[in-house]
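Visitor: Quick one, what's the 3D model for this:
(chains A, B and C)
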Amino acid sequence: MSKVKQAGLLLGIIGFILPLVVTFPGLSLAGHIAMSIFLMAGVFWMFESIPIYSTSILVILSQVLLLSREGFIDYSGLAYSPLPYSDFIATLASPIIILFLGGFVLADASVKYDFDKNMTRVLLRPFGKRTIFIILGLMLVTAMLSAFMSNTATTAMMITVILPIIAKMEPGDPARIGVALSIPFAANIGGIATPIGTPPNAVVIAALNQQGLDVAFSSWIFYAAPLAIVMLFFAWRVLLWLYPPATKNVALTLDSKLKKSPSAYILYATFAVTVILWVTENLHGIKSSMVALLPIAVLTLTSVLDKNDIRKLPWEVLWLMAGGIALGISMEETGLAEWMVGAISWDKFGYLMLLGVFGAVALTMSNFLSNTVTAALLIPLAISIATSGVIEGPEGMMLIGLVVALGCSFAMVLPISTPPNAIAVSTGMLETKHMIPAGLIVGITGLIIILLLSVFYWPLII
Amino acid sequence: MSKKIYILVVEDEPEVLDAIVRDISDFEDFFPIEMADTAEEAREIVQDILEKDDGIGLILCDHVLPGDNGVELLVELQHKEETNSTRKVLITGQAGLQETVRAVNEADLKHYIAKPWNKDELVDIVKELLTDYVLDHVDDVLPYMKVLDGARIAEAIRKGRTVTDK
Amino acid sequence: MDFRIGKESVQDREKVTSLIHTLFEKSGQSDEFLRKYDQGTVLLKEGDELKDIFILLDGGVELYKKKPNSDIDYPIIKLEAGSFVGIIAFTSGEPSLTTAVVTEPSTVLKIPDSEVRNLFKKNKKFRSYMDELILANLLERFRSTIILQMKLDSANNKLREERNELKIALRDLKEAQEHLIYQEKMATLGQLVAGFAHEVNNPTASLLRSTETLQTRISEMMHRIEEGDRINALAEKLFQAGKKADYPDTSTIRKKSKELKKEFSDAGPAQIRLLAQIQGPVLDEIKNTSFSDSDELDFYLGYFDLGKMFKNIESAGNRIAGLVKSLKSYSRSDTDREWEEVDIREGIHDTLQLTSNRIKYYDIDIDLPEVPLISANPAALNQVWTNIVLNAADAMGKKGALTIRCTHNDETITVTISDTGPGIDEEILERIFESNFSTKKSDIKFGLGIGLSISRDIVHKHGGEITASNAPNGGAVFTVTLPVR
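Guide: Take a look at the predicted model:
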């Protein structure tokens, strides 16, 4: 294990022990326990001393042992009424997790049957041959796909599409960098558009659900899609400005045949039906998590996905999210979040300033940490602020939730910020120094647009 | 993750050995290169590498060597479990048909390069065969994307789903 | 002889025998002498004394004779009614020359030899009949003999024809042998060309690759010079060191690399490899210089590499030139004359050059003092040396020693080539120079088997001799003597 990770391991253990030996005034016993868990989880997630999904399980384990009704600590007579341990465990299959599972199942089946490649081929056709429009086309397609599939898988696929394009460009052509960067940027931006686009969304939605706020699939799209579209075009122009293409035209050849087997057709149908049901949630009212069971059931019973495919689903991402959700629960229920928030007198801040601070913190942290982890650490605090009344009502909670969720996804400055960025740098087509300016511009602008939306647009529709 | 993948070059003429290693030096950041000028020395190097629990991804071998010849060495390595999946290539000025057939049939020879070779041809073959090896043996293939066949590695990530969102 | 019956009856044996038959019947002796025999009955055995005579009245008898040194009876002649079985023995008194066997149920007059004389005395008619019978039988035999003689003549003629044909066939065979010699030459040449090609491919590869790298390095250098760097003393020294550098073997490089890695912890593997090849004080100078970064170390090492390239190109070029020269000299491809005054040592050296890829791992011990020039066909002699050397390589396998010596006196030059292989079986030492003799298996390239016989032919054409023997401590020795002319 590297020195850094060893340090993290040590710090995490210290963090866990600290609240057990030091008393923080104003914080209940349960709150101290919750702080132990919070500090340990935060450090382990940051340093990745153990795998991040492992930390999540550790969180749930600690909660079950120390914060649950059936745990070792007797809370009778104390302010905290311990939750049944099943509540903590249930995060592993909470509705939002099931929703994501449905998304994963659709995405993996799409990869298995080359549906993603075929959709790309079809969707890219109208964009012609001119380099600048091809870049736009690539970005739009990437964004659309990553709204429903994992950003990373979308990036991996699109890399195979752009490698031949880049190979045909002259070695010194800045467009090589531009094209290579456009993919991770578009993947990150596209991911914000739907609840299943990226895991931070899940953590935030789950936290909001915990507070009684339900967010319909279609509602989220209304909130987030405009941001995605605007930022997508903005990022496109920025990349063209920073890395103007030297070649005017680009030959794009995509070889993939549309699969016509019965299994493929079942996939296409299931995909279409599921997406339509999700997107129209407001019309029919069937919850998106319930709809998510449809593709899971259909694709497995028809053997479109078999046992091996199911094993290959990214279960660790679900665990990661579950841990984040569980952490939020313990922070809320024990009053820790409230106490942490209470340390600062937020009413001095203007409401917009508050949103701005959270957004900036989310953006900055997630550039160095996993986006999901950032969301998991911040959203309990954000919600506490909302419940403390500094921001008004459910709308306020929704706003701050959106700011945190979306802010996490705009972290694109470094290769470590997000896996799509890492993949792009691994191709060798660009270096970190090319990524930084573009990432900064897009990130900061994104934050500004988020704040603008939270003043002018969201209050109107929430 | 720390398991190293070696390239072994076996050639008895020093200038030619030098030239081969120079031509494939771009791969050295990811695949350490070891050189031997006899089959016997090659065996020792293989032993050392295996003892450290590392692997040999590719062997570029001449046929005419003092002592045991190249084809014999390759057949031996093919029969050894740990080097069975090592990709084997002959770079040689002379190996008769009989010996080449033996190498193909008994040593799973992947490619035959005649001297003098063309640098691009050599580099392409090394890249392709190392990509084969890495895709077979390594879980996290992302770091190899820029030195190996990027398209195949990206496709493996896409289908293999070894890199996920965080 | 009394020819009572007259001429006609001499021709007609049947008539005579029936007369004899009648005679016996009249005299009532037929029962005594008349016999009926079944098929297969043996009347006379070859070599037996004649005890009885047989006159065949009716049926058939076959005479057999044994071939010399054999126990098998061969049929000679079939006798019909009217024949006198045992006639030769009777008239000559010798033992029977044939074995007589009855071939079908027959009626025969069997008269004991002693009785015949009695009957002759008693009966004059019988006597005359017998005379005529004997004559008739003898005439018959004579006729057969004439026919036989005619057959013999015709057989002789055939033989004469065939003998002529054989002469022609022999001539054709000789032509074929010469053709085979030519093929053997070509086959040997083929082997040598393959070996040559392999040898030449190595320096060619070195040459081409070095040249390409050289181009890259030089343009890098040019670039640097443009940017204002100047070549300084250390770089110059490194360049010179490169031009002189010997390439150490791989295990030395490995050891040195391990040591150097401790001192140059930041250097990459390619740089360490180059450092491991630098010998002499320059290496110490590098150790004592501090480099600002890896690129600067690269810059200096680049000069060493540059020197190495130049050396590689030069030595590879020389090697190629040497190989081509040897091949031309060996095959005498650029002269028209076949026979010249030559120093045979040149041919031996050319041969060793061209077979070097087969013999490079052997210990080679050559001691060839000056010898007089002789009139010879150098290309052909080179065939002989090649043959012997390649045989030695086949015998020795992977490891061994090849020793070549030559001595001379006023009249002959003697060349001995010995190897450390298993030697040649005493029994076949004589036969190895025969055509078609080969101990090698069916590998077409090598074992045409007429290599040594052709070598002997060539040596004989030069007036010399080639012999093979075994050395006292193992291995074969080939000795070629050539007259000084």
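
Visitor: Could you pull out the strands in the chain for me?
Guide: This is for chain A. Applying DSSP state E to chain A gives no strands.

Visitor: other chain: chain B
Guide: B:5-10, B:33-36, B:55-61, B:87-92, B:109-114.

Visitor: May I see these arranged in TSV, with distance to chain A, mean neighbour count and mean pLDDT as well?
Guide: The way it works is simple: take the backbone N, C-alpha and C, and place the C-beta from them, glycine included. Compiled in TSV, the strands of chain B are given as follows (distance: least, CB to the nearest CB, whole Å; neighbours: other CB atoms under 10 Å in any protein chain shown; pLDDT from 0 to 100):
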stretch	distance to chain A	mean neighbour count	mean pLDDT
strand B:5-10	17	23	96
strand B:33-36	20	23	94
strand B:55-61	19	25	95
strand B:87-92	22	24	93
strand B:109-114	23	17	92
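
Visitor: how far away is residue C:87 from residue C:20?
Guide: 14 Å (CB to CB, to the nearest Å).

Visitor: quick one on the thing from earlier: would JSON lines of the strands of chain B with distance to residue A:196 be doable?
Guide: JSON lines is the format used below for those (distance: least, CB to CB, whole Å):
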{"stretch": "strand B:5-10", "distance to residue A:196": "38"}
{"stretch": "strand B:33-36", "distance to residue A:196": "46"}
{"stretch": "strand B:55-61", "distance to residue A:196": "39"}
{"stretch": "strand B:87-92", "distance to residue A:196": "41"}
{"stretch": "strand B:109-114", "distance to residue A:196": "44"}
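
Visitor: To residue B:163, which of the ones you listed lies closest?
Guide: Closest approach to residue B:163 among those (CB to CB): strand B:5-10, 19.5 Å.

Visitor: who does the closest one pair up with?
Guide: strand B:33-36 (parallel), strand B:55-61 (parallel) (DSSP bridges).

Visitor: which residues make contact with it from outside it?
Guide: Under the criterion CB atoms under 8 Å, 6 or more residues apart in numbering or on different chains, residues B:17, B:20-21, B:24, B:27, B:30-39, B:41-42, B:45-46, B:49, B:54-62, B:65, B:70, B:73, B:126, B:130, B:133-134, B:137-138 lie in contact with strand B:5-10.

Visitor: Buried among those? Need that as a selection in PyMOL.
Guide: To isolate the buried subset of these in PyMOL, counting by 16 or more other CB atoms under 10 Å in any protein chain shown, use the following:
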select buried, chain B and resi 17+20+21+24+27+30+31+33+34+35+36+37+38+39+41+42+45+46+49+55+56+57+58+59+60+61+62+65+70+73+126+130+133+134+138
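
Visitor: next one: phi and psi at the closest residue to chain B within chain A?
Guide: For chain A, the nearest residue to chain B under the criterion CB to the nearest CB is residue A:428, separated by 2.6 Å. Per-residue torsions, residue A:428: phi 80, psi 0 (degrees, to the nearest 10).

Visitor: How about the residue in chain A that sits furthest from its center?
Guide: Distance from the C-alpha centroid of chain A peaks at residue A:77, with 39.2 Å (CA atoms, centre = their mean).

Visitor: got the residues of the stretch 51-200 of chain A near chain B?
Guide: A:52, A:108, A:111-112, A:116, A:150-153, A:156-157, A:159-160, A:163-164, A:198-199 (CB under 8 Å from any CB of the partner chain).

Visitor: go on, the stretch 151-300 of chain C?
Guide: Residues of the stretch 151-300 of chain C lying near chain B (CB under 8 Å from any CB): C:194-195, C:197-210, C:212-213, C:247, C:249-251, C:253-254, C:268-270, C:273.
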